[in-house]
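>>> Please work out how this folds:
(one chain, ligands or ions: 1)
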Amino acid sequence: MQWVFLGCPGVGKGTYASRLALGLRVPHIAMGDLVRQELKRDSPLSKELKDLVSRGKLLPDELVLGLLTKRLEEASANQDVGFILDGFPRTASQAKTLDSIASITLVVNLRLREDVLVAKCLGRRICSQCHGNFNVANVDVPETETLPRIFMPAILPPPRCLKKMTMRSDDTEEVIRERVRIYSQESRPVEDYYRAQGKLLDFEILGGIPETWPRLLSALNLQGKIANTSLVSAEKQKIAA
Ligand SMILES: Nc1ncnc2c1ncn2[C@@H]1O[C@H](COP(=O)(O)OP(=O)(O)O)[C@@H](O)[C@H]1O
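Next comes the predicted model:
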């Protein structure tokens, strides 16, 4: 099982990819997390790279590919039976390279309206202590003649995390809009690449996690195959840790 999650910044790739990975007992490999870990190491190069990330730009292929290869080697040494990858590939050339080092079986393309994406990114909060992810944005966009209502209630932190909320430095409106622009320019061709291979599953997000999660499981033919309760307790354990 070698799956990729595609989608604009803020669409919820990380949220759904990590839940599925937990339920399917495969590692969730998030390129953005590998990048942020790498950038914590202080070097003259990391200063340059931090600057690119803080402006919403993509990092050089060589660097992200190096981080990914190392992580995939760890997974293989660990005898993992697969992975769910999110944040890679982001360009058609990265997609071609990925085909030479892995055998991608399914690509889930999460889609959400752009005005909602920006609100969701601006609402993202991370607890500096438990590393739990929350979202303070309460999205309720009424339906129009052509578009359905989108209702995504906030995911608020428990009281013990309230004073420890942090934001990603690249989650400012200007940088989010730039990341969405780069996504449209560089990453849409990745959708076409996998569509042509017959591997792309388009999935429209229309609501919050309680509404979307069962719809996603059903789109993936996984209803009844993933224990919801074990996911909830795994997430609680993570928050409590
Ligand atoms: N595949 C990639 N290629 C180049 N740069 C990447 C890649 N994945 C992540 N990055 C860098 O790391 C940043 C954060 O990634 P991520 O957390 O996945 O962001 P987003 O919320 O925009 O999807 C990106 O804006 C980019 O600078």
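>>> for Phe134, what are its contacts?
Contacts here follow Cβ atoms under 8 Å, 6 or more residues apart in numbering; on that basis Phe134 touches Arg124, Arg125, Ile126, Cys127, Ala154, Ile155, Leu156, Pro157, Cys161, Met165. In short, each C-beta sits where N, CA and C put it, glycine included.
>>> got a winner among those residues for most neighbours?
Counting neighbours by other Cβ atoms under 10 Å, Arg125 leads these with 23 neighbours.
>>> Does that residue lie in a helix or a strand, and which?
Here Arg125, judged by DSSP states H and E, is contained in strand 124-127.
>>> hmm, back to that, of all the contacts of Phe134, which comes closest to Val141?
Val141 has its nearest neighbour among those in Ala154, at 14.4 Å by Cβ to Cβ.
>>> any idea how far Ile104 is from the nearest residue to that closest one once chain neighbours are set aside?
The shortest distance from Ala154 to any non-neighbouring residue, by Cβ to Cβ, 6 or more residues apart in numbering, is to Asn138 (4.7 Å). Counting by Cβ to Cβ, to the nearest Å, the separation of Asn138 from Ile104 is 36 Å.
>>> Look at those two and report which has more neighbours.
Ile104 (17 against 13).
>>> Show me where this protein has its helices.
13-24, 31-40, 44-54, 61-77, 92-101, 114-123, 173-182, 188-196, 209-219, 228-240 (DSSP state H).
>>> Quick one: name the residues of this structure near the ligand.
Within the chain, the positions lying close to the ligand (Cβ under 6 Å from any ligand atom) are 9, 31-32, 35, 52-53, 56-59, 64, 87-88, 90, 94, 170, 179.
>>> Pull out the buried members of those residues.
With neighbours counted by 16 or more other Cβ atoms under 10 Å, these contain buried members at 9, 31-32, 35, 53, 56, 58-59, 64, 87-88, 90, 94, 170, 179.
>>> Farthest pair within the residues you listed?
Within those, Gln94 and Asp170 form the most distant pair, 19.3 Å apart (Cβ to Cβ).
>>> picking that back up, and the residue nearest to Ala154, what is it in contact with?
By Cβ under 8 Å, 6+ apart, the neighbours of Asn138 are Met152, Pro153, Ala154.
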